[in-house]
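Engineer: Return atomic coordinates for the entry below.
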Amino acid sequence: MQNSIPFAEVLDAADRLSLPEREELVDILHRRMIEQRREEIANDVRDAEHEYQAGGCRPVGANELIKEILS
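Structural biologist: A predicted model of the protein is given here:
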């Protein structure tokens, strides 16, 4: 995503808000970031399910996984 407004301008604009408006802005941004992260996780899960269904991976036990990570 391309920034259309320089970051410094966004900060300057936020400084011109009242304290309650800044608190609301922080809350809105936080909720949007949470939603974006949820979408990223859902996409990762879908990708993993497609990879599994295509035979690109196989289920393994915890001990085998740890061995693979450490090797």
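Engineer: Quick check: chain neighbours aside, which residue is closest to residue 57?
Structural biologist: residue 51 (5.5 Å; C-beta to C-beta, 6 or more residues apart in numbering). C-beta coordinates here come from the backbone N, C-alpha and C atoms, glycine included.
Engineer: Check what pLDDT the one you found gets.
Structural biologist: For residue 51, the model assigns a pLDDT of 91.
Engineer: And for the one 5 residues further on?
Structural biologist: For residue 56, the model assigns a pLDDT of 86.
Engineer: burial of it, as a residue count?
Structural biologist: 9 (other C-beta atoms under 10 Å).
Engineer: re the thing from before, state the distance from the residue nearest to residue 57 to residue 35.
Structural biologist: Counting by C-beta to C-beta, to the nearest Å, the gap between residue 51 and residue 35 amounts to 25 Å.
Engineer: and if you look at residue 29?
Structural biologist: 11 Å.
Engineer: likewise residue 19?
Structural biologist: Taken as C-beta to C-beta, the span from residue 19 to residue 35 is 25 Å.
Engineer: so residue 69 is in which element?
Structural biologist: helix 62-70 (DSSP states H and E).
Engineer: Many thanks, have a good one.
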